[in-house]
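Visitor: Next comes the sequence, and after it the predicted model I'd like to discuss.
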Amino acid sequence: MPGNGGLALHTILLDPADNQRMYVAISAGGVYRTNDGGRTWTAQNRGIRAMFMPDKCPEFGQCVHKIAMHPGRPERLFLQNHWGLYRSDNCAESWIDIANGVPSDFGFAVLMHPRNPDCVYIVPVESDEFRCACDGRLRVYRTRNGGSSWEPLMRGLPQKRAYETVLRDAITADSFEPVGIYFGTRSGQLFGSRDEGRTWQKILEGLPSVVCVRNAVFEDTSVGLRPTLPKAAPASSHQTRSRSKSKTRSSKR
């Protein structure tokens, strides 16, 4: 039965260790897996709650908002549900609740650290009825132990009347050391961190609702790697600026 966003197949994950295995996540449908290149599929939702259904743990029908996998540990997946935050360590055969120390287990975005399979970023929102940052404080939460505990990352982010929402594809990471994290909001603001979320700064505002954020790096052979600046993209998506290793920025292009 469709949710407000319809039956949206929003996430496709390919298993880098098995070219026959793939996962998809569907709003109001759940997680499905194929082990034979798409010829057959199975529902993989054991342990995921569906609080809006008579059977709170059905075989399928959960409103999964996002799933993520680290290529270095493909048997492990993380999942943000419509009420619920989960991890699987067995290729989605079963899921365990990891909402330990977060202000809400409702949200949309899940981002893997590009090198650390134990490190995940989420942006909780208050509830399905009030889809804004909890208590009006915009905070990114990070785990570095696979979800056993979470820490808020808020330095540089607005902490008063920040009724923001970050959608499932509106957060991304670059590949530098330290890793840069970038996210956009429904109100059209773009934020970035150069130090894996320890501190943040606003990059742009006044955009349409940001539904997708990606970053890119280009190389100028005369000066080495240089960062790109944000550039408006159609369909309310947005591209972030990337960074050079010296953390310099280029002029607008």
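Guide: Thanks, I have the structure now.

Visitor: buried stuff in stretch 34-53?
Guide: 34, 43, 44, 45, 47, 48, 49, 50 (16 or more other Cβ atoms under 10 Å). For glycine as for every other residue, the C-beta is placed from the backbone atoms N, C-alpha and C.

Visitor: just checking, the second one touches residue 60?
Guide: Translated: residue 43. Yes. When contacts are counted by Cβ atoms under 8 Å, residue 43 is listed as touching residue 60 (4.1 Å).

Visitor: between the two, what contacts are shared?
Guide: Counting by Cβ atoms under 8 Å, 6 or more residues apart in numbering, the shared contacts of residue 43 and residue 60 are 30, 32.

Visitor: pLDDT below threshold where in the protein?
Guide: 1-5, 220-253 (pLDDT under 70).

Visitor: Got phi/psi on residue 135?
Guide: phi 60, psi 20 (degrees, to the nearest 10).

Visitor: mind checking how far residue 80 is from residue 31?
Guide: Distance, residue 80 to residue 31, by Cβ to Cβ, to the nearest Å: 12 Å.

Visitor: Report the set of residues contacting both of the two.
Guide: Shared contacts of residue 80 and residue 31, defined by Cβ under 8 Å, 6+ apart, comprise 64, 67.

Visitor: and residue 16, how many neighbours does it have?
Guide: Neighbour count for residue 16, taken as other Cβ atoms under 10 Å: 12.

Visitor: Would you check that it makes contact with residue 71?
Guide: Yes. The pair residue 16 and residue 71 passes the contact test of Cβ under 8 Å, sitting 4.7 Å apart.

Visitor: can you list residues touching both of the two?
Guide: Joint contacts of residue 16 and residue 71 (Cβ under 8 Å, 6+ apart) do not exist.
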